[in-house]
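K.L.:
heads up, no residue letters with this:
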């Protein structure tokens with residue numbers, strides 16, 4: 001599957017909820033998304049059936065369900081010409097008290113969502129989820145669960161651990177694994193999960209781990225098979241993704257398929273040029289004092305000379321070789337990268353880091369949905385690409 005096989009369809013807006021309480025709307029959202037093929041059964045016959053489950057404002061990350069209107073190419077950045085999704089289910093807290101006492105602070109939370117059709121003797125599909133937070137070094141505790149699709153009565157189950165892997169490589173994006181591939185290479189494991197943590201504290205590149213089957217007992221451990229896992233800064237001479245920067249952000253993933261071809265894609269923001277820890281103006285923050293004066297603007301963290309929004313493409317054949325033990329989990333490399341900045345509407349500077357959020361995929365129609373964060377005032381847009389057969 002080559003990058004020329006992608007066709008941009010356009011974008012659509014998320015609902016404005018002026019009466020919503022602060023923190024319970026679509027502002028500052030875009031962290032998690034799941035495509036649901038049976039959603040919005042009474043929707044328009046416009047070629048974009050189904051619905052999206054997604055997390056709202058990052059303060060709380062409650063979950064809602066929205067329709068999928070026909071995307072429109074935003075000519076000249078005119079968002080007024082775009083269609084707007086409708087709310088199918090309002091925001092609800094699907095976690096209940098599963099994570100009570102789990103994290104010291106609910107700071108910069110990470111979230112993942114994925115729809116799974118009924119497994120085994122189940123009579124209904126589930127909305128799988130995971131949560132983590134920014135600071136949880138060395139933590140390998142329970143992060144994953146699932147709930148019913150009725151958000152008003154979610155009946156959540158979990159949380160479960162992902163093997164013995166640290167949360168820094170497990171607790172963010174989630175994606176269903178195609179049945180045909182899973183039956184051969186990861187039997188009983190229909191879900192993949194991963195996370196990228198800046199600074200190399202998780203892995204020097206995106207990670208992907210197949211998990212399942214899900215146990216019924218809270219606190220149980222999921223069987224986990226790594227499909228992609230680079231080294232970390234805690235190792236000597238760790239293996240890394242080609243072109244890796246500590247400032248990279250891989251915020252979403254999807255398993256694409258079109259006819260006989262397929263690819264695993266990671267979406268996010270890629271650093272280029274020089275990379276440093278400090279401030280965006282080039283100020284390097286030393287590990288020990290004396291410390292330089294802090295600039296008037298910009299947050300301290302990992303920075304690069306410039307950033308671009310990208311999609312990275314990995315071969316499922318390479319991941320299958322890892323599952324069979326023929327390749328080490330750090331050996332697969334992306335075979336292509338697609339710069340998607342030309343399609344975005346809110347790129348304000350070369351050093352804008354946060355450009356893309358979560359992603360999800362409609363396999364029946366080859367439609368890839370990707371959040372562009374903070375693109376519609378404080379709300380994200382949903383961009384749509386069609387993978388051609």
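P.N.:
All right, it came through fine. Because the structure is a prediction, the values reported are computed rather than measured.

K.L.:
Please enumerate the strands of the stretch 1-150 of the chain.
P.N.:
Listed in chain order, the strands of the stretch 1-150 of the chain (DSSP state E, counting those that start in this stretch) span residues 6-13, 33-36, 51-55, 63-67, 87-92, 110-116, 126-132, 144-147.

K.L.:
pLDDT below threshold where in the stretch 101-250 of the chain?
P.N.:
Per-residue confidence for the stretch 101-250 of the chain (pLDDT under 70) gives these ranges: 215-216, 218.

K.L.:
cutoff 80 now
P.N.:
Along the stretch 101-250 of the chain, segments meeting pLDDT under 80 span 104-105, 213-219.

K.L.:
follow-up on the earlier one: which of the strands of the stretch 1-150 of the chain sits closest to residue 228?
P.N.:
Shortest separation from residue 228 across these is recorded for strand 110-116, at 15.6 Å, computed as Cβ to Cβ. The C-beta positions use only the backbone N, C-alpha and C, and glycine is treated the same way.

K.L.:
Mean confidence (pLDDT) on the helix or strand hosting residue 270, please.
P.N.:
Under the assignment given by DSSP states H and E, the secondary-structure element containing residue 270 is strand 261-278. This predicted structure assigns strand 261-278 an average pLDDT of 97.

K.L.:
Not counting sequence-adjacent ones, nearest residue to residue 152?
P.N.:
Nearest in space to residue 152, with sequence neighbours left out and distances taken as Cβ to Cβ, 6 or more residues apart in numbering, is residue 92 at 6.1 Å.

K.L.:
That should have said residue 220, apologies.
P.N.:
residue 160 (5.4 Å).

K.L.:
I'd say that neighbour and residue 144 touch.
P.N.:
Yes. Taking Cβ atoms under 8 Å as the contact criterion, residue 160 and residue 144 are neighbours in contact, 4.9 Å apart.

K.L.:
All the helices of the stretch 151-300 of the chain, in order from the start?
P.N.:
Secondary structure of the stretch 151-300 of the chain by DSSP state H, counting those that start in this stretch: the helices cover 179-185.

K.L.:
rewinding a little: could I get the buried residue list for the strand holding residue 270?
P.N.:
When neighbours are counted by 16 or more other Cβ atoms under 10 Å, the buried residues of strand 261-278 are found to be 262-272, 276-278.

K.L.:
likewise stretch 209-229?
P.N.:
Neighbour-count burial for stretch 209-229, counted by 16+ other Cβ under 10 Å, picks out 209-212, 214, 222, 224-229.

K.L.:
and if you look at stretch 166-181?
P.N.:
Of the residues in stretch 166-181, 166-178, 181 count as buried by neighbour count, 16+ other Cβ under 10 Å.

K.L.:
quick check, nearest of those residues to residue 241?
P.N.:
residue 169 (13.1 Å).
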